[in-house]
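Undergrad: A predicted structure for the sequence below; I have some questions about it.
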Amino acid sequence: GLPPAPVDDALLARRDAALAGVQEHYYGDPPRIERGWRVHLVDAGGRALLDMVNNVTAIGHAHPALTAAASRQLALLNTNSRFHYAAIADFAARLTALLPAPLEKVLLVNSGSEAVDLAIRVAQAATGRRGVVAVGEAYHGWTLASDAVSTSIADNPNAVGTRPDWVHVVDAPNAYRGRHRGEDARRYGPEAAAAIRALAADGRPPAAFLAEPFFGNAGGVALPDGYLAEVYAAVRESGGLAIADEVQVGLGRLGRWFWGFEQQGVVPDVVTVAKSLGNGFPLGAVITTAEVAAGFEAEGSFFSSSGGSPVSSVVGSTVLEVIASEGLQERARVVGDRLKAGLLALAERHAIIGAVHGEGLYLGLELVRDRATREPATAETAAICDRLLLLGVVMQPTGDHKNVLKIKPPLVLPEDAADVFVARLDEVLTTGW
Ligand code: PMP
């Protein structure tokens, strides 16, 4: 293949001079990406990189059907949702058709952060309470409220201790790396439920419990069996609501389940969706029950200029249409199973692999210095990602310790590309990083 395009230092300097707080990628020499096509990112010199990390572009980069639909709608009409047009009705109906019956009311926004923020406001309005129970090791967004419930210490070591007083943090239900491991992880549910009951007994029943229903931020770790059933029951007992953040794991990526909450056998009261809903176009949604929506509506109307605009709605409808017509949930299951089998085989030969988490095309490869102590191999993970880039694969770390390879490619990943990824990773783990 082609060599990497030379790093354009002047361009990097120009970017850094103009932008604040750029999340620096762990690559010493970031590739300059100017094109994307299906599962590949293409650098400025025309070198194609296998994109194993972009879950947002679920239907693949530059999907022609999406380009055509969005371009057509842009040429016809784009306006705010105060007007009456068909696209918003079609999109909302498509979305609710994918959810269990009680989840029938949609609020449209422009990102995951906005969706989580709004979900919290909706729960607070519907219950007349303020408190929200969140789990450790979580990321839910950058806005004031979505940041308040984000507890991950990956970028902020003080995250847990600095949450506002209306946020109550329970232990991350992480069966690999938490206080309770393996079989003991079944204790997380009763403990979180007890914490919620204690708040209620103290006269502070929470408005909501909020968590990813499949632990994406921890690297695709499934919650312990029965966890959400137990915790949702406890929060509902005292009149609170269950919010599922499906921003990362929803929309078919898990393969066996369209939504993360299905894996736990529960139905939330409020669901947040974003990221792949727009395939990279800024789109977010909150879906809730008629009763909860009515509680929110009692506080006044809701308006977001671009949320549910004709273009946003057409983009969302087209993405949902492509996920269905191309059978991408089933692809996620089939290709994900193959990928996971390949990674499990690598784990037999490479001691640095502590665990293979996840389902479908949301997998996490947790790297450790010692399988017994589970000491996170943080620096190694960064170096492995750098080396994978040299071999033409884009991969990034996640988790509180940035020691989990987050494997969440576009859902159009072909089998042979999954095999290429496993082979490249094998090469790096065998020859060193
Ligand atoms: N919730 C979860 C679970 C996320 O992973 C993210 C983004 N990483 C968000 C919310 C925030 O979404 P956005 O970046 O679109 O604001």
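TA: Thanks, I have the structure now.
Undergrad: Let me know whether stretch 114-124 sits next to the ligand.
TA: Yes. Applying Cβ under 6 Å from any ligand atom, one finds that stretch 114-124 is in contact with the ligand at Val116. From N, CA and C alone the C-beta is placed, and that goes for glycine too.
Undergrad: avg pLDDT for that stretch?
TA: Stretch 114-124 comes out with an average pLDDT of 98.
Undergrad: Please name the nearest non-neighbouring residue to the residue in the stretch 201-350 of the chain that the ligand sits nearest to.
TA: The minimum distance from the stretch 201-350 of the chain to the ligand, using Cβ to the nearest ligand atom, falls at Val247 (3.6 Å). Nearest non-adjacent residue to Val247, counting by Cβ to Cβ, 6 or more residues apart in numbering: Gly112, 3.8 Å away.
Undergrad: and the one you found, how far is that from the ligand?
TA: 2 Å (Cβ to the nearest ligand atom, to the nearest Å).
Undergrad: check contacts around that residue.
TA: His140, Gly141, Ser146, Asp245, Val247, Gln248, Thr272, Ala274, Lys275, Gly284 (Cβ atoms under 8 Å, 6 or more residues apart in numbering).
Undergrad: Counting neighbours, what do you get for the fourth one?
TA: Read that as Asp245. 31 (other Cβ atoms under 10 Å).
Undergrad: doesn't Val116 make contact with it?
TA: Yes. Between Asp245 and Val116 there is a contact under Cβ atoms under 8 Å: 6.0 Å.
Undergrad: so what sits against both of those two?
TA: Joint contacts of Asp245 and Val116 (Cβ under 8 Å, 6+ apart) are His140, Leu210, Thr272.
Undergrad: quick one: which of these has the most company?
TA: Thr272 (33 neighbours).
Undergrad: quick one, phi/psi of that residue?
TA: phi -110, psi 140 (degrees, to the nearest 10).
Undergrad: That one is in contact with Gln248, isn't it?
TA: No. Counting by Cβ under 8 Å, Thr272 sits too far from Gln248 to count as a contact (10.2 Å).
Undergrad: the helices in the stretch 251-400 of the chain, which residues?
TA: 260-263, 290-297, 310-325, 328-349, 378-390 (DSSP state H, counting those that start in this stretch).
Undergrad: For Leu95, find the nearest of the ones you listed.
TA: Among the helices of the stretch 251-400 of the chain, the nearest to Leu95 by Cβ to Cβ is helix 310-325 (6.9 Å).
Undergrad: and the closest one, how far out from the chain's middle?
TA: 19 Å (Cα atoms, centre = their mean, to the nearest Å).
Undergrad: what angle sits between it and helix 328-349?
TA: Using axes from the mean of the first three to the mean of the last three Cα atoms, to 10 degrees, one finds that helix 310-325 and helix 328-349 are set 70 degrees apart in direction.
Undergrad: which other residues reach helix 310-325?
TA: Counting by Cβ under 8 Å, 6+ apart, 58-59, 63, 65-66, 69-70, 72-74, 76-79, 85, 87-88, 90-92, 94-95, 98, 108, 110, 251-252, 276-279, 281-283, 285, 306, 328-329, 411 sit against helix 310-325.
Undergrad: Give the buried residues for that helix.
TA: 310-323 (16 or more other Cβ atoms under 10 Å).
Undergrad: Gln264: which of those residues is nearest?
TA: Ile323 (21.5 Å).
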